[in-house]
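**Student:** sharing a sequence plus its predicted fold:
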Amino acid sequence: MNAVEIEQAVSELAEAPFDAETFPFAFLEAFGNKETTLKRLKSGNTNQSDVGGVLQRNNIHIKVCEEGDVSATLSALRESPATARQKAKFILATDGKELHAENLADNIPPLACDYRDLPNHFAFFLPLAGISTFHQISENAFDIRATGRLNRLYVELLKINPDWDTDARREELNHFFARLIFCFFAEDTGIFDPPEKWTANANHGLFTSTVEQMTERDGSNTHEVLAKLFEAMNTRYEARAESDLPASALKFPYVNGNLFSGSTETPKFSKIARSYLLFVGGLDWKLINPDIFGSMIQAVADDEERGALGMHYTSVPNILKVLNPLFLDELRQKLEEAGDGKTPGSARKLLNLRNRLARIRVFDPACGSGNFLVIAYKEMRQIEAVINERRNERELPSVIPMTNFRGIEIRHFAAEVARLALIIAKFQCDALHIGDLFARKQVLPLDKDNWITCGNALRLDWLQICPPTGTGVKIAGDDLFNTPKDQVEIDFQNAGGETYICGNPPYVGYTWQTKEQKGEIKLIVDGRSNAPGFMDYVSGWFVKAAEWLTTSQGAAAFVATNSICQGQMVSLLWPIIFDLGCEITFAHTSFRWSTWRAITPALLSS
């Protein structure tokens, strides 16, 4: 079972009436124990408990107790000789009202929560299912939960609307989900609220409550209600008087950015699909982590990745192993050297560093759902916030432009999520560093500028998408969420500074490459290797990055399998890189990038 499936199973367990007799076995089943294993435990053949509970060797010791005895029961489990003898990693006590637990194998704080709140702490027990990334998942439990609920909605809608399950219409369905995600975030952060309701304790939820009030319980008119809400968000205020929008839709602001432009057709809903939609809307979307959520949610729209929901996401510490040595460490060093701003010289150095931040561009030519771009943006905003604090300019708007963060992504839905993630990241940074009221005033209407290009990075000209000076030929979009691959130009703001290329390109060994992928590598290498057919697919990103660096100041760091610095790849790839005038200035020792990849990030500098 993956993390999303476990969270769903734990939620169902916590929502059901508490049964003291069956709870230990239902709990173990939620974490992937098979029926045969549970039968042996129930029969007592493998139950090693010496306190009347359920003890699974090398796993967990559980006991259900009388109401009010949870703390004492947990102590008894801890002191039980069987707990130590059978090498239990966890102990758990509950009376159906409270739940206490300890991880005996790891130095983490014990868990104490209401029983019904168990789904919010499911990650605490993930080692029971053999999931070693429980620390990261625990920090992002909301993203796991939201992904699971959106996945159930996505699958249900495909079941109800088989005509949407085609290549032609999947993009429409993905765009529909991008709209939903924005609406959930906007309603919980007060973006949809009128200014007179902009208070810290405002009761948000306009979108979900409107859907619940205006739709039939059987879901039969849900698609019609949603279509009108989306139409309202694409209708300027001055044009609403002549529209046929219902009063319930007129409460919503004009969003722009073309997130809601074009067709407002939505898939039809069943009673179950409507309940899923309302449940997702009932989650607290203020808790979303755009740097993590994106890589989880993109799997919802990918048939091949859906089975690993919540598993293959990139942790922030791993991404920082690339971004820190690439440029963030040097920026932080300059920040410290600038001082506290209390002298004219220090204040001037801080100002110069802030001006430099405004001119830095980050380009991810394999951006997926935008993880690297989002984290780079958030880290730079943190540095800028310190500068502003030291200069006593805390309320100053950010000088770091979103359009200086560019990406290429081949999958349509991932590209849409990347755009959303950057919008959410900007709002959260504004709210954190300047204030909620400022953030709400700034977010709508959305800008039309598009900084994520949907296409094949190895077939596109990076100099068009990320020009070195900001004055050359550029690719950009008519709008933020509905742009063709042939796009009109958008200027970089404050262009002309340094550029940092980063990302996590796809890894495909030469044995598993398609004919098209081999052709792309051969075209990129262009006679500079006598054996391009034996080069890893990720080599294309290294060569194109090195070529880009011949045109402008900057550096590049990519995640790659450690095969690029071993065996025949050394003689095939690195002479090309060095001949382009680049050198290796940083490399990280191999470490596990996800639950199954060993990688080595490397850095090139012109």
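**Tutor:** Structure's in. What do you need?

**Student:** for the stretch 501-606 of the chain, which spans come out with low pLDDT?
**Tutor:** Scanning the stretch 501-606 of the chain for pLDDT under 70 picks out 509-510, 532-534, 592-606.

**Student:** just for the stretch 151-300 of the chain, where's the confidence low?
**Tutor:** 195-204, 292-300.

**Student:** residues near Ala457, how many?
**Tutor:** Neighbours of Ala457 under the rule other C-beta atoms under 10 Å: 23. For glycine as for every other residue, the C-beta is placed from the backbone atoms N, C-alpha and C.

**Student:** how about the secondary structure of the residue nearest to Leu278 when sequence neighbours are not counted?
**Tutor:** The spatially closest residue to Leu278, leaving aside those adjacent along the chain, is Glu212, at 5.6 Å (C-beta to C-beta, 6 or more residues apart in numbering). Secondary structure, DSSP: H, G, I helix; E, B strand; the rest coil: Glu212 is helix.

**Student:** what helices or strands is the helix or strand harbouring Ser275 leaning on?
**Tutor:** Assigning secondary structure by DSSP states H and E places Ser275 in helix 271-282. Where contact means 3 or more C-beta pairs under 8 Å, 6 or more residues apart in numbering; DSSP states H and E, helix 271-282 is packed against helix 141-160, helix 167-188, helix 206-214, helix 222-233.

**Student:** restrict that helix to CA atoms and write it as CSV.
**Tutor:** Presented in CSV, the C-alpha positions along helix 271-282 are these (Å, rounded to 0.1, in the frame of the first residue of the first chain):
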residue,chain,number,x,y,z
LYS,A,271,-23.9,11.5,-5.8
ILE,A,272,-20.6,9.9,-4.8
ALA,A,273,-18.5,12.3,-7.0
ARG,A,274,-20.3,15.3,-5.4
SER,A,275,-19.6,14.0,-1.9
TYR,A,276,-15.9,13.6,-2.8
LEU,A,277,-15.9,17.2,-4.1
LEU,A,278,-17.4,18.5,-0.9
PHE,A,279,-15.0,16.5,1.2
VAL,A,280,-12.0,17.8,-0.6
GLY,A,281,-13.3,21.3,-0.3
GLY,A,282,-13.8,20.8,3.5
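
**Student:** kindly provide the distance from the residue nearest to Leu278 to Leu153.
**Tutor:** 15 Å (C-beta to C-beta, to the nearest Å).

**Student:** among the two, which residue is more densely surrounded?
**Tutor:** Shown here are Glu212 and Leu153; by other C-beta under 10 Å, Leu153 has more neighbours (23 against 16).

**Student:** what sits against that one?
**Tutor:** Applying C-beta atoms under 8 Å, 6 or more residues apart in numbering to Leu153 gives the contacts 273, 276-277, 280.

**Student:** which one of those sits in the busiest neighbourhood?
**Tutor:** Leu277 (25 neighbours).

**Student:** returning to that earlier point: quick one: the helix holding Ser275 to helix 222-233, angle?
**Tutor:** Inter-element angle recorded for helix 271-282 and helix 222-233: 40 degrees (by axes from the mean of the first three to the mean of the last three C-alpha atoms, to 10 degrees).

**Student:** which other residues reach helix 271-282?
**Tutor:** Outside helix 271-282, the residues that touch it by C-beta under 8 Å, 6+ apart are 146, 149-150, 152-153, 156-157, 160, 180, 184, 187, 205, 207-208, 211-212, 215, 217-219, 222, 269.
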